[in-house]
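K.L.:
Build me a model:
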Amino acid sequence: MTTDFFTDERGRLFGLAYRLLGSADDAEDAVQDAYLRWRRVDPGELTAPGAWLTKAVTNLCLTRLTSAPARRESTAGDALPEPVLTGGGALGPLETVERRESVSFAMLVLMRSLTPVERAVFVLRSAFDYPYPELAALLELTEANARQLYSRARRRVDTGETRFPTSDDGSMRLTESFMTAVRSGRLELLEDLLVADIATWMDLGDGERVHVRGRAAVRRNAAATLARFATVSDFLLTEVNGAPGILFLQDGEVVGLTVVETRDGRISALRTVADPDRLGYLRAQFAALLSAE
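P.N.:
From the prediction side, this is the model:
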């Protein structure tokens with residue numbers, strides 16, 4: 001099989017691996033491992049190369065999730081996933097609500113509660129529209145078992161605290177208003193932008209994580225965020241994990257970001273990542289965009 005075919009499939013495969021692993025770096029490793037296997041296969045043996053690649057990446061991700069649950073999941077705790085710029089299609093097309101929600105911070109955190117095989121069934125079904133017969137064959141399950149696993153995963157996800165954001169014009173305008181209030185330091189302007197029970201998560205690095213709820217607490221938290229990013233040289237509104245996001249820039253490098261989630265015309269959640277260890281992939285994306293201009 002040609003390298004060109006794999007290159008054409010790479011974006012889809014990365015999107016699959018990222019949804020399964022919640023880590024951009026690990027997803028890159030899984031896709032690269034699949035490529036190395038792909039190069040060793042006799043082209044004459046493959047009747048459905050796309051399906052072969054999907055199965056290879058899925059199995060590699062399942063191996064990672066199964067062999068290192070303590071390292072990959074337990075140590076994640078309440079840490080936010082590694083963010084990814086999605087406006088350029090890095091995780092594949094996000095034209096449906098299901099595909100957009102499947103890469104949201106809220107969903108990626110919730111999927112940590114699923115077993116590896118539940119996660120695979122859920123992602124392949126909800127984000128990639130796999131029919132049950134194909135899904136079952138890919139994962140070597142019975143169709144009845146695949147349906148049962150998806151139903152169980154869907155129930156767990158639906159009972160979690162979710163609000164899957166969109167990046168429509170209204171959400172972007174709200175995010176722009178929030179960014180204006182933060183940049184000006186006039187936090188009293190936030191009052192009308194926030195729902196009463198707004199929640200915020202901050203992943204600051206070195207194990208420092210903050211989770212607060214309610215307008216007053218979020219305003220205080222916003223003040224702390226301002227203090228932390230007091231020296232930033234610029235703010236940029238963009239799309240992160242399928243939702244409106246604000247990048248905090250210092251000398252052209254991303255030093256933090258906030259993803260904004262909305263509900264009924266107001267901001268319902270804020271998720272801030274300032275941990276350098278979780279910004280590596282997004283920083284590389286942003287640097288590549290700058291160099292391409």
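K.L.:
Doesn't Leu189 belong to a helix?
P.N.:
Yes - counting by DSSP: H, G, I helix; E, B strand; the rest coil, Leu189 is part of a helix.
K.L.:
got a list of what it touches?
P.N.:
Ser177, Thr180, Ala181 (Cβ atoms under 8 Å, 6 or more residues apart in numbering). The way it works is simple: take the backbone N, C-alpha and C, and place the C-beta from them, glycine included.
K.L.:
where's the last one, which helix or strand?
P.N.:
This means Ala181. Assigned by DSSP states H and E, Ala181 falls within helix 169-184.
K.L.:
returning to that earlier point: put the buried members of the contacts of Leu189 into a PyMOL selection.
P.N.:
Buried residues within those, by 16 or more other Cβ atoms under 10 Å, are selected in PyMOL with:
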select buried, resi 181
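K.L.:
Report the central residue of the protein.
P.N.:
Central residue of the chain (Cα atoms, centre = their mean): Val103, 4.1 Å from the mean position.
K.L.:
was I right about that one contacting Asn241?
P.N.:
Yes - counting by Cβ atoms under 8 Å, Val103 touches Asn241, with 5.1 Å between them.
K.L.:
Setting aside sequence neighbours, what's the nearest residue to Tyr281?
P.N.:
Ala24 (3.6 Å; Cβ to Cβ, 6 or more residues apart in numbering).
K.L.:
Can you tell me how far that neighbour is from Gly89?
P.N.:
Distance of Ala24 to Gly89, given as Cβ to Cβ, to the nearest Å: 15 Å.
K.L.:
next one: Leu110
P.N.:
24 Å.
K.L.:
Who has more neighbours out of those two?
P.N.:
Per other Cβ atoms under 10 Å, whichever of Leu110 and Gly89 has more neighbours is Leu110, with 19 against 11.
K.L.:
Can you say which helix or strand has the more buried one in it?
P.N.:
Assigned by DSSP H and E, Leu110 belongs to helix 105-110.
K.L.:
Give the rounded mean pLDDT of that helix.
P.N.:
Helix 105-110 comes out with an average pLDDT of 89.
K.L.:
just checking, what packs against that helix?
P.N.:
Contact partners of helix 105-110 among helices and strands, from 3 or more Cβ pairs under 8 Å, 6 or more residues apart in numbering; DSSP states H and E: helix 143-158.
K.L.:
Identify all contacting residues around the helix it packs on.
P.N.:
107, 110-111, 113-114, 117-119, 121-122, 125-126, 132-133, 135-136, 139, 141.
K.L.:
just to revisit the earlier point, what sits against the residue nearest to Tyr281?
P.N.:
When contacts are counted by Cβ under 8 Å, 6+ apart, Ala24 touches Tyr18, Glu82, Val84, Gly280, Tyr281, Leu282.
K.L.:
A strand includes the last one, no?
P.N.:
No - under three-state DSSP, Leu282 sits outside any strand and is assigned helix.
K.L.:
okay, now it: neighbour count?
P.N.:
When counting by other Cβ under 10 Å, one arrives at 23 neighbours for Leu282.
K.L.:
for it, what are its contacts?
P.N.:
Contacts for Leu282 (Cβ under 8 Å, 6+ apart) come out as Ala24, Glu82, Pro83, Val84, Leu85, Val240, Val254, Leu257.
K.L.:
Against the centre of this protein, work out the most remote residue.
P.N.:
Most distant from the centre of the chain: Gly44, at 36.4 Å, with distances by Cα atoms, centre = their mean.
K.L.:
Let me know the pLDDT of it.
P.N.:
With respect to pLDDT, Gly44 has a value of 71.
K.L.:
Kindly provide the distance from it to Trp201.
P.N.:
Between Gly44 and Trp201 the distance is 51 Å, computed by Cβ to Cβ.
K.L.:
Tell me, what's the model's pLDDT at Ser74?
P.N.:
Per-residue pLDDT puts Ser74 at 43.
K.L.:
pLDDT weak spots in this structure?
P.N.:
Applying pLDDT under 70 to the chain picks out residues 1, 68-78, 160-169, 223, 225-231, 293.
K.L.:
give me that answer again for 80
P.N.:
Within the chain, the segments meeting pLDDT under 80 span 1-3, 42-46, 68-78, 92-98, 159-169, 182-191, 207, 218-233, 292-293.
K.L.:
now the helices for it?
P.N.:
Secondary structure of the chain (DSSP state H): helices at 3-21, 24-40, 49-67, 69, 97-101, 105-110, 116-126, 132-139, 143-158, 169-184, 215-228, 280-292.
K.L.:
Just send these back as TSV, with distance to Ala196 too.
P.N.:
Shown next, in TSV, are those (distance: least, Cβ to Cβ, whole Å):
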stretch	distance to Ala196
helix 3-21	32
helix 24-40	34
helix 49-67	37
helix 69	37
helix 97-101	23
helix 105-110	19
helix 116-126	30
helix 132-139	41
helix 143-158	23
helix 169-184	16
helix 215-228	6
helix 280-292	31
